[in-house]
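**Student:** Fold the following.
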Amino acid sequence: MTLLLPLLAFATVTLLVAAGALALSPGRASVIERRLREVSGKPVEAGGAGTYDRVVDTLRRVGRAMPKSPSEMGKMQLRLVHAGFRRHDGVAIFFGIRAGCALACFALMATPVLVRPNIPLALGAAALGYVLPGVVLARLARRRQHRVRLSIPDALDLLVVSVEAGLGLDQAIQRVGDELAPVHPELSEDMRLINLELRAGTARGEALRNLAARTGVDDLSSLVAVLVQTDKFGTSVAQALRVHSEVLRTKRRQRAEEAAAKTAVKMVFPLVICIFPAIWIVTIGPAAIKFMQILGPMTER
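**Tutor:** From the prediction side, this is the model:
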C-alpha cells in the first residue's frame, strides 16, 4: 500500500507530461496545413494559434478514446448546444477536458505538492475533477438560456413591427436577427441560423423547431408553436405575435413577482448564520459578563 501511491502518482504525472508534449509538438497535419498556406499565399497562423489547435486536437483524441454510451453522448451534445458550443467534435473535446481535469486533480493530491499524499483523497479529488466540468457546463447553459429568455420580448416587438410593415415572416426573422446582434447576440445568432437552414432547403416549421431545440427555452418553444400554427392555418401573423407578446410580458412580470416573494425565504439563512449570532453577542454578551462577575464570587463562597 505504501508503494502503490507513489507508483500511481508517477504514472499520472508521466501521462500528463506526455499529453503536454504531444499537444505542444507540431503534428503532421499542422505541418502540411502550414505548407499549403505558404503555397497558396494565405497568411500563416501565429504560434499561439497553432499551440491552441494542437491542445484541442489532443483533448479531442483523449475524449474519443474514453468509453461512453450513445445516450450520454446525445445528452451531452444537447447540453453543449444549449451552452452555445456547436462544434461537431464538441462532445469529444468535453470528455477530453473531463479526463484532463480528473488526472490533474489526482496528480495534485497524489504528490506532496499541496497536502500529504493519500489514496482516498486523491481518488476523491479525481472524482471531483471529473464532475466539475459538467457543473460548469450546466451553469453556462442556464446563463445563456436566461439571456435568451430576456431577449424574447424585444425580438417579438421587432417581429410585429416588421410584419406589419409588409415583410414576410422569413424576411422579418432575418431583419430582426440583424437588428438584435449588438444587444442580444445569442438570440441573433440563433435567428441567423434559421435563415441559413431556410436557404439550405429546410422547411420553415422544421427550422423553427430546431430553434426551440437549440435554445431549450420554454418561452421560445411556445413562440415557435404559435408561428407554426399560424403558418399552417393561414391566420394573421402580426395579430398572433402581438397576443403572444402580451402573454410573454405577463409571464415575465409573474416571474419577477415570484422571485420577489422568494427573497424573504432566502434571506432567512444569511440572517440565522451571519447576523443573528452577532446580534446575540452584542445584546446578551454584556449581561452574561455582568452575571459572571456577580455570581462568580457567590459560588466561591
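
**Student:** Going by C-alpha atoms from here, please, whenever you check contacts or count neighbours.
**Tutor:** Will do.

**Student:** so where's the stretch 1-150 of the chain uncertain?
**Tutor:** Along the stretch 1-150 of the chain, segments meeting pLDDT under 70 span 1-50, 52, 67, 113-115.

**Student:** can you give me the helices in the stretch 151-300 of the chain?
**Tutor:** 169-179, 185-199, 204-215, 218-233, 237-266, 268-270, 276-300 (DSSP state H, counting those that start in this stretch).

**Student:** Determine which of those helices approaches residue 66 most closely.
**Tutor:** Set against residue 66 and scored by C-alpha to C-alpha, the helices of the stretch 151-300 of the chain come closest in helix 204-215, at 25.9 Å.

**Student:** For residue 160, the count of nearby residues, please.
**Tutor:** 20 (other C-alpha atoms under 10 Å).

**Student:** and it, how far is that from residue 96?
**Tutor:** Distance from residue 160 to residue 96, counting by C-alpha to C-alpha, to the nearest Å: 45 Å.

**Student:** Check residue 128 too.
**Tutor:** 15 Å.

**Student:** Same check on residue 83?
**Tutor:** Taken as C-alpha to C-alpha, the span from residue 83 to residue 96 is 18 Å.

**Student:** Is residue 162 in contact with residue 177, as I believe?
**Tutor:** No: if you go by C-alpha atoms under 8 Å, residue 162 and residue 177 don't touch, sitting 11.6 Å apart.

**Student:** packing partners for the strand or helix carrying residue 108?
**Tutor:** Using DSSP states H and E, the element containing residue 108 is helix 90-110. Judged by 3 or more C-alpha pairs under 8 Å, 6 or more residues apart in numbering; DSSP states H and E, helix 90-110 is in contact with helix 4-24, helix 47-65, helix 70-83, helix 119-164.

**Student:** With distance to residue 262 added, can I get the ones you listed in TSV?
**Tutor:** As requested, these are exported to TSV (distance: least, C-alpha to C-alpha, whole Å):
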stretch	distance to residue 262
helix 4-24	46
helix 47-65	41
helix 70-83	27
helix 119-164	18
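
**Student:** what's the closest of the ones you listed to residue 272?
**Tutor:** Among those, the nearest to residue 272 by C-alpha to C-alpha is helix 119-164 (27.6 Å).

**Student:** thinking again about what came up before, of residue 128 and residue 96, which one has the most company?
**Tutor:** Neighbours per residue (other C-alpha under 10 Å) separate residue 128 from residue 96, with residue 96 holding more: 23 against 16.

**Student:** what's near enough to touch the nearest residue in space to the more buried one that is not next to it in sequence?
**Tutor:** With C-alpha to C-alpha, 6 or more residues apart in numbering as the criterion, residue 96 has its nearest non-adjacent residue at 3.9 Å, and that residue is residue 63. Contacts for residue 63 (C-alpha atoms under 8 Å, 6 or more residues apart in numbering) come out as 91, 92, 93, 94, 95, 96, 97, 99.

**Student:** Buried among those? Need that as a selection in ChimeraX.
**Tutor:** Applying 16 or more other C-alpha atoms under 10 Å to the contacts of residue 63 leaves a buried subset, and the ChimeraX line that selects it is:
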select :91,92,93,94,95,96,97,99
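
**Student:** Out of the contacts of residue 63, which comes closest to residue 207?
**Tutor:** When those are ranked by distance to residue 207 (C-alpha to C-alpha), residue 91 comes first, at 23.2 Å.

**Student:** Run through the residues that contact the closest one.
**Tutor:** Residue 91 neighbours (C-alpha under 8 Å, 6+ apart): 63, 73, 76, 77, 80.

**Student:** Show me which of the residues you listed are buried.
**Tutor:** Buried members of these, counted by 16+ other C-alpha under 10 Å: 63, 76, 77, 80.

**Student:** Ok, which of the helices and strands packed on helix 90-110 comes nearest residue 259?
**Tutor:** Short answer: helix 119-164, nearest of these by C-alpha to C-alpha, at 14.0 Å.
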